[in-house]
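take a look and give me a structure for this.
(one chain, ligands or ions: 1)
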Amino acid sequence: SEEEPPNLVLESKDISGVAKYIDSEECQNVFLMVGAGVSTAAGIPDFRSPGTGSSILPIKCEFLISSSCAGMSGLYANLARLDLPYPEAVFEIGFFRENPRPFYALAKELYPGHFRPTISHSFIKLLHEKSLLHTCFTQNIDTLERRAGVPGDKIIEAHGSFATQKCIDCQTPYDGEKIKHAVYEGTVPKCEECGGLVKPDIVFFGEPLPDSFISGVSKLKQADLLIIMGTSLTVYPFAALPRLVPDECPRILINLDEAGDIGYRSNDVVLLGPCDEIVRKLCKELGWEEELVEDWEAT
Ligand code: CNA
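Residues are numbered from 1 along each chain as shown. Modelled structure (predicted):
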């Protein structure tokens with residue numbers, strides 16, 4: 001046939017082939033795309049709820065009231081007391097304006113500091129140490145990438161995070177220590193300029209994604225490698241990112257389940273299983289395992 005043969009970049013479509021490619025001259029700009037699955041081993045359940053995957057909502061609230069997520073009973077206990085008209089209301093800006101208390105009760109449970117990064121987060125930090133990490137796109141709001149030591153300028157928090165906060169009326173930024181104090185005290189922080197409500201910069205239902213996401217997207221055409229970890233690739237526009245890397249750029253999916261269209265391009269590799277285990281094996285192939293574990297133990 002007249003068809004061009006596929007441009008095969010990887011020696012083999014397995015962990016060893018991926019490791020060899022990472023170790024090669026060709027691989028300079030590594031992009032990561034991560035989701036809730038990289039944090040489940042830290043004790044934060046993923047928020048997946050079947051049938052609602054097509055929205056751009058950062059958080060599916062069903063998880064909050066499901067009894068299947070052990071280990072976060074405080075969260076459920078608190079939510080039961082919140083007196084919400086419906087669970088999603090806790091992440092709706094209109095409801096928040098009327099009654100910010102339920103959100104702050106929840107924030108107290110979810111607030112960073114309660115959880116420790118996973119091996120997969122430390123892997124991202126290690127890629128940075130090896131000068132390979134270009135950008136890590138995350139859907140998570142737990143800031144565990146930062147906690148693992150990945151510099152802020154290499155992370156794009158597509159659904160925002162608890163890392164910064166501002167007034168919902170005049171947009172004045174609010175002090176990080178002060179909000180932490182308010183959250184722990186169980187009070188609702190108010191803007192020092194106008195008295196408006198302060199909200200962490202996590203994307204609520206119907207809110208647009210941050211500017212950093214929009215500007216970061218165009219950089220994907222520089223990718224030599226895309227590693228997708230712990231995401232169902234069902235939440236748009238985030239889920240569209242894997243299509244934006246060059247055709248010949250290897251796309252590696254490390255996940256419990258198949259996701260998106262990964263596997264259809266000639267240089268795609270699908271590695272199914274718990275991401276911490278796969279990342280360890282990959283680092284072993286690269287001779288990085290000791291550093292990985294050291295980094296992780298230091299978190
Ligand atoms: P998701 O739709 O819940 O999918 C999670 C994916 O991870 C699934 O495909 C799982 O199979 C997979 N997975 C779970 N555990 C592991 C593991 N140990 N190893 C490998 N794979 C695993 O979550 P997404 O992130 O794809 O997108 C949905 C929402 C959920 C995003 O907007 C997130 O903001 C939001 N979320 C964030 C957090 C957090 O900040 N930690 C937690 C839960 C949900």
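
check residue 223 and give its pLDDT.
pLDDT, residue 223: 98.

ah, wrong one, I meant residue 40
87.

what of residue 45?
So residue 45 comes in at 70 (pLDDT).

and it, helix, strand or coil?
Per DSSP: H, G, I helix; E, B strand; the rest coil, the local secondary structure of residue 45 is coil.

ok, residue 159 touching residue 139?
Yes - using CB atoms under 8 Å, residue 159 is in contact with residue 139, at 5.3 Å. (Glycine included, C-beta is placed from N, CA and C.)

enumerate the residues of the stretch 101-250 of the chain near the ligand.
139, 140, 141, 142, 159, 230, 231, 232, 234, 235 (CB under 6 Å from any ligand atom).

below-threshold pLDDT in the chain: ranges please.
1-5, 47-82, 87 (pLDDT under 70).

where along the chain do the strands fall?
Using DSSP state E, the strands of the chain run over residues 30-34, 133-138, 155-157, 160-167, 198-202, 225-229, 251-255, 268-272.

dump the ones you listed to JSON lines, plus mean neighbour count.
JSON lines is the format used below for the strands of the chain (neighbours: other CB atoms under 10 Å):
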{"stretch": "strand 30-34", "mean neighbour count": "26"}
{"stretch": "strand 133-138", "mean neighbour count": "24"}
{"stretch": "strand 155-157", "mean neighbour count": "25"}
{"stretch": "strand 160-167", "mean neighbour count": "19"}
{"stretch": "strand 198-202", "mean neighbour count": "22"}
{"stretch": "strand 225-229", "mean neighbour count": "26"}
{"stretch": "strand 251-255", "mean neighbour count": "26"}
{"stretch": "strand 268-272", "mean neighbour count": "18"}
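
residue 101 is nearest to which of these?
Among the strands of the chain, strand 198-202 comes nearest to residue 101, with 12.7 Å by CB to CB.

now that closest one, how far from the chain's geometric center?
Centroid displacement of strand 198-202 relative to its chain, using CA atoms, centre = their mean, to the nearest Å, is 17 Å.

go on, stretch 209-226?
Its chain's average C-alpha position is 14 Å from that of stretch 209-226, according to CA atoms, centre = their mean.

try stretch 147-160
On CA atoms, centre = their mean, the centre of stretch 147-160 falls 9 Å from that of its chain.

cool, stretch 187-203 as well?
Worked out by CA atoms, centre = their mean, stretch 187-203 lies 24 Å from the chain centre.

from residue 91, how far off is the closest residue to residue 83 other than its chain neighbours?
Of all residues not flanking residue 83 in the chain, residue 102 sits nearest, at 7.4 Å (CB to CB, 6 or more residues apart in numbering). Using CB to CB, to the nearest Å, one obtains 10 Å as the distance from residue 102 to residue 91.

so which of the two has more stuff around it?
Neighbour comparison, residue 102 and residue 91: the larger count goes to residue 91, with 23 against 20 (by other CB atoms under 10 Å).

gap between residue 248 and residue 225?
With distances taken as CB to CB, residue 248 is found 11 Å from residue 225.

and if you look at residue 39?
Counting by CB to CB, the separation of residue 39 from residue 225 is 22 Å.

one more: residue 172?
40 Å.

now residue 202
According to CB to CB, residue 202 and residue 225 sit 29 Å apart.

burial of the closest residue to residue 222 other than its chain neighbours, as a residue count?
In this structure, residue 222 finds its nearest non-sequential neighbour in residue 29, 5.1 Å apart by CB to CB, 6+ apart. Residue 29: 17 surrounding residues under other CB under 10 Å.

same check on residue 24?
For residue 24, the neighbour count with other CB under 10 Å is 13.

now it: how far from the ligand?
In this view, residue 24 and the ligand are 26 Å apart by CB to the nearest ligand atom, to the nearest Å.
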